[in-house]
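J.: Pasting the sequence and the predicted coordinates here, then a few questions.
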Amino acid sequence: MSRNAIQFQKGLSLPKFLEKYGTEGACREALFKLRWPEGFRCPECGNDTSCQLKARPLIQCHRCHHQTSLTARTLFENTKLPLTTWFLAIFLLTQSKTGLSAMALGRHLGVSYNTAWLLKHKIMEAMRERDDSKPLTGSVQVDDAFWGGERRGGKRGRGAAGKTPFVAAVACSADGRPLALRMTPLAGFRSDSVDRWARQHLSAEADVTSDGLPCFRAIVEICPHWSIDTGGGPSSVEKQEFTWVNTMLGNVKNAIHGTYHSIAGKHLGRYLGAFAYRFNRRFELDRMVERFAYVACRTAPLPRKFAVMAEIHT
């Protein structure tokens, strides 16, 4: 029986990871090369000559004398954690197919739950922002979904309290294979929300297929859109036109239920974004740490107050 090439790819082993990023010096050197691949450039004046201060870990520009650190203006800014801890967290969160809880992450890293939670959410936010900057194109399957269940004694169905609506989209190749996944919480399934989502996440070259939910008609203002009435009920998920988006919805819900005790609706977007980020880069597991570190160098810092506050849904 043949093996699935993607499922059985090697990825980045722990010994190989430790060989590349096992010391603070190795992490700093890797981060420097990822941030300034052509050599240091002053963030203030663009000058390319500098010196390393002896008293503090700062780089000083020879022209304007601006002092900056390796982690300034990046996801790592003002961190009190060693870079080895950051890189190990990145390794664990990118190599795990279903994700890792903050409790488990803290045990692996040897840090408190609160520290692990904040570290994890900073990484997940960077993952989500990276994918949000790349609109989907080609043949795209779109469907509506909800996270959360009915509360005891409450209303059932779409209007039930405690449910967070989100839209799932899968871009497919010409031969029908899934290429890219996007899942985004919405304020509600209304035309204005779907219109804002489509303008950010769909390119004009996309060819979208959705079910008959009226709000999806707003997509036609952005790109070609085809609506198919699925009829509702269990048989609606068997439609061939929605094979991959329904498969991804099932996979992500199973992964979240199997990994986490609970997820607050206000943070759902980060969990969905992290799942999509890993899926979209599943062909290059061995380069995931390096690729994310490159992104982290170009991601604005995320202060704790913004990490814990409610997210703004589309």
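T.: Nice, thanks for sending it over. Residues are numbered from 1 along each chain as shown.
J.: does residue 51 really touch residue 59, like I thought?
T.: Yes: assessed by Cβ atoms under 8 Å, residue 51 is found in contact with residue 59 at 7.4 Å. All C-beta spots, glycine's among them, are computed from the backbone N, C-alpha and C.
J.: the more surrounded of the two?
T.: Per other Cβ atoms under 10 Å, whichever of residue 51 and residue 59 has more neighbours is residue 59, with 19 against 11.
J.: and that one, bridged to which residues?
T.: residue 52, residue 68 (DSSP bridges).
J.: any idea how far residue 175 is from it?
T.: Here the distance between residue 59 and residue 175 works out to 49 Å (Cβ to Cβ, to the nearest Å).
J.: How about residue 81?
T.: In terms of Cβ to Cβ, residue 81 sits 45 Å off from residue 175.
J.: More neighbours: which of those two?
T.: residue 81 (14 against 5).
J.: Please give me every residue in contact with the more buried one.
T.: 111, 115, 119 (Cβ atoms under 8 Å, 6 or more residues apart in numbering).
J.: Now, of the residues you listed, which are buried?
T.: 111, 115, 119 (16 or more other Cβ atoms under 10 Å).
J.: The last one reaches residue 89, doesn't it?
T.: Yes: with contact defined as Cβ under 8 Å, residue 119 reaches residue 89; the gap is 5.3 Å.
J.: Quickly list what's touching both of these two.
T.: Common neighbours of residue 119 and residue 89 are listed as 105, 109 (criterion: Cβ under 8 Å, 6+ apart).
J.: mind listing the strands for the stretch 201-314 of the chain?
T.: Secondary structure of the stretch 201-314 of the chain (DSSP state E, counting those that start in this stretch): strands at 207-211, 225-228.
J.: out of those strands, deepest packed?
T.: Of all the strands of the stretch 201-314 of the chain, strand 207-211 carries the top mean neighbour count, a mean of 21, counting by mean count of other Cβ atoms under 10 Å.
J.: who does it pair up with?
T.: Strand 207-211 has its sheet partners listed here by DSSP bridges as strand 139-147 (parallel), strand 225-228 (parallel).
J.: Quick check: which of the ones you listed is nearest to residue 297?
T.: strand 139-147 (30.2 Å; Cβ to Cβ).
J.: Name the next helix or strand downstream of the closest one, please.
T.: strand 164-172 (DSSP states H and E).
J.: Go ahead and produce PDB holding the CA coordinates of that next one.
T.: C-alpha atoms of strand 164-172 as PDB (Å, rounded to 0.1, in the frame of the first residue of the first chain):
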ATOM      1  CA  THR A 164     -19.100  32.400  16.900                       C
ATOM      2  CA  PRO A 165     -19.700  32.600  13.200                       C
ATOM      3  CA  PHE A 166     -16.800  32.200  10.800                       C
ATOM      4  CA  VAL A 167     -16.300  31.700   7.100                       C
ATOM      5  CA  ALA A 168     -14.100  28.900   5.700                       C
ATOM      6  CA  ALA A 169     -12.500  29.100   2.200                       C
ATOM      7  CA  VAL A 170     -10.300  26.700   0.300                       C
ATOM      8  CA  ALA A 171      -8.400  27.500  -2.900                       C
ATOM      9  CA  CYS A 172      -8.000  24.500  -5.200                       C
END
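J.: Which strands or helices does it pack on?
T.: Using 3 or more Cβ pairs under 8 Å, 6 or more residues apart in numbering; DSSP states H and E as the contact test, the elements touching strand 164-172 are strand 139-147, strand 178-185, helix 191-201, helix 243-259, helix 268-280.
J.: which one of those lies closest to residue 289?
T.: Nearest of those (Cβ to Cβ): helix 268-280, 12.2 Å.
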